[in-house]
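Q: quick one: sequence plus predicted model below, questions after.
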Amino acid sequence: MTDSITVSEELFAPAGPGQELCYQTFGDPSGEPLLLVMGLSGPMTWWPVEFCEGLVRAGFFVIRYDNRDVGRSFRASGRVHRGDLVKAFLGRPVDAPYTLADMAGDGMAVLDHLGIDRADVCGMSMGGMIVQTMALEHPGRVRSVTSVMSTTGSRRVGWQHPSLLPRLLRSPGRGREAYAEATATFWSYIGSPGYPTDREEVRQRALETYDRGISASGVLRQMMAILTQPNRTSRLAAVEAPMTVIHGRADKMVHVSGGRATAKAAGADLLLIEGMGHDLPRELWPEITDAIRKTADRAK
């Protein structure tokens, strides 16, 4: 960690009656606000500290936060059964405890708490869906959008590899070590074949995730929000904020067609990366940081 970069403690922002979102900031508040939104089941710590520090050096005041139902943020109500997810996957009507629009509102609550009117936003996977939704539902709050390894909500694009659905529905087992092993195994399927991550590094991140707080029922609620999201394709053309779409050509979790469709619908810049799967390899941090910086510069 670089001593000259200020890193806050983990703090809390109100998001509703009895609801709080855990967040952390990097850098000087006089920098350009950049809100980072993580994907399914991922706490804010999945945005690596060194990656956040690189964004600070690029001129941003970086804010990362735990989505509802993960990490130290509040747990929502409502129970989702795995059978309900199968129904939703098949397009049958189901009740969802909350929507991606609700999760986009959580991000706005963090900005409100910090007194920030407008921010650049960057989201990964489900987080990409959320920042797209922010741009649609809260256009006056969003300066620029970087959507990473995500999709439009259309069922015709961005599909998962057929082998992944049963793995997503499988219980990770009980206990800290079982969770770490299950996470490392799953990551071996969805990670970047061109930039392989050490299994022990993934295990350590999983142990940290477990220690900050996990919720199996919360992950199912997030999955339901994803499966019941609307198709944003036609609406994305109305997004006025500059947008860049980043996607790995080797992504098994969200097929690269999702990134292509997002960029086409929004008239966004498209960066496709060879050998990249559904993670953020250290080797690609400079390229991704540069893309976020250039997108924000277009807002000027």
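A: It's in.
Q: got the contact list for P286?
A: Counting by Cβ atoms under 8 Å, 6 or more residues apart in numbering, P286 touches G54. C-beta: built from backbone N, CA, C; applies to glycine.
Q: that one - that's part of a strand, no?
A: No: membership of P286 in a strand is not supported by DSSP: H, G, I helix; E, B strand; the rest coil, which gives helix.
Q: how about low-confidence regions in the stretch 101-250 of the chain?
A: Residue ranges of the stretch 101-250 of the chain with pLDDT under 70: 168-171.
Q: show me where it has helices.
A: All helices of the stretch 101-250 of the chain, identified by DSSP state H, counting those that start in this stretch, fall at 126-137, 164-169, 176-190, 199-212, 216-227, 233-236.
Q: hmm, who's touching the fourth one?
A: Spelled out, that is helix 199-212. Outside helix 199-212, the residues within contact range by Cβ under 8 Å, 6+ apart are 42-43, 45-46, 66, 71-72, 176, 179-181, 183-184, 187-188, 191.
Q: which residue ranges of the stretch 51-200 of the chain form strands?
A: Remark: strands assigned in the stretch 51-200 of the chain by DSSP state E, counting those that start in this stretch are 60-65, 119-124, 142-148.
Q: relative to A250, which of the ones you listed is closest?
A: strand 142-148 (14.3 Å; Cβ to Cβ).
Q: which strands and helices sit next to that closest one?
A: The contact analysis (3 or more Cβ pairs under 8 Å, 6 or more residues apart in numbering; DSSP states H and E) places strand 142-148 against strand 119-124, helix 126-137, strand 243-248, helix 285-298.
Q: what's the angle from the second one to strand 119-124?
A: Relative orientation of helix 126-137 versus strand 119-124 (axes from the mean of the first three to the mean of the last three Cα atoms, to 10 degrees): 140 degrees.
Q: quick one: which of the contacts of helix 199-212 is most hemmed in?
A: D66 (27 neighbours; other Cβ atoms under 10 Å).
Q: against L280, how distant is the closest residue to that one other than its chain neighbours?
A: Of all residues beyond its chain neighbours, the one nearest D66 is S73 (3.9 Å), with distances taken as Cβ to Cβ, 6 or more residues apart in numbering. Per Cβ to Cβ, to the nearest Å, S73 is found 21 Å from L280.
Q: higher neighbour count, those two?
A: With neighbours defined as other Cβ under 10 Å, S73 and L280 compare such that S73 has more, 27 against 22.
Q: hang on, the earlier thing: among the strands of the stretch 51-200 of the chain, which is nearest V219?
A: The closest of these to V219 is strand 119-124. By Cβ to Cβ, the value is 16.0 Å.
Q: strand partners (parallel or antiparallel) of the closest one?
A: Applying DSSP bridges to the sheet, strand 119-124 is found paired with strand 32-37 (parallel), strand 142-148 (parallel).
Q: take the ones you listed and lay them out in TSV including mean neighbour count and distance to T25.
A: Shown next, in TSV, are the strands paired with strand 119-124 (neighbours: other Cβ atoms under 10 Å; distance: least, Cβ to Cβ, whole Å):
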stretch	mean neighbour count	distance to T25
strand 32-37	26	9
strand 142-148	28	17
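Q: so can I have TSV of these showing distance to V202?
A: Shown next, in TSV, are the strands paired with strand 119-124 (distance: least, Cβ to Cβ, whole Å):
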stretch	distance to V202
strand 32-37	20
strand 142-148	19
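Q: so which of those gets nearest D106?
A: D106 sits nearest to strand 32-37 of all the strands paired with strand 119-124, at 9.1 Å, using Cβ to Cβ.
Q: burial check on the closest residue to I273 other than its chain neighbours, number of neighbours?
A: Nearest non-adjacent residue to I273, counting by Cβ to Cβ, 6+ apart: G248, 5.3 Å away. Neighbour count for G248, taken as other Cβ under 10 Å: 29.
Q: what about H81, neighbour count?
A: H81 is flanked by 12 other residues according to other Cβ under 10 Å.
Q: and it, how far from D69?
A: 16 Å.
Q: T262 now?
A: In this view, T262 and D69 are 24 Å apart by Cβ to Cβ.
Q: can you tell me the closest non-neighbouring residue to L55?
A: Spatial nearest neighbour of L55, chain neighbours left out: V62 (5.0 Å); criterion: Cβ to Cβ, 6+ apart.
Q: which of the helices of the stretch 101-250 of the chain sits most buried?
A: Compared across those, helix 126-137 shows the largest average neighbour count, a mean of 26 (mean count of other Cβ atoms under 10 Å).
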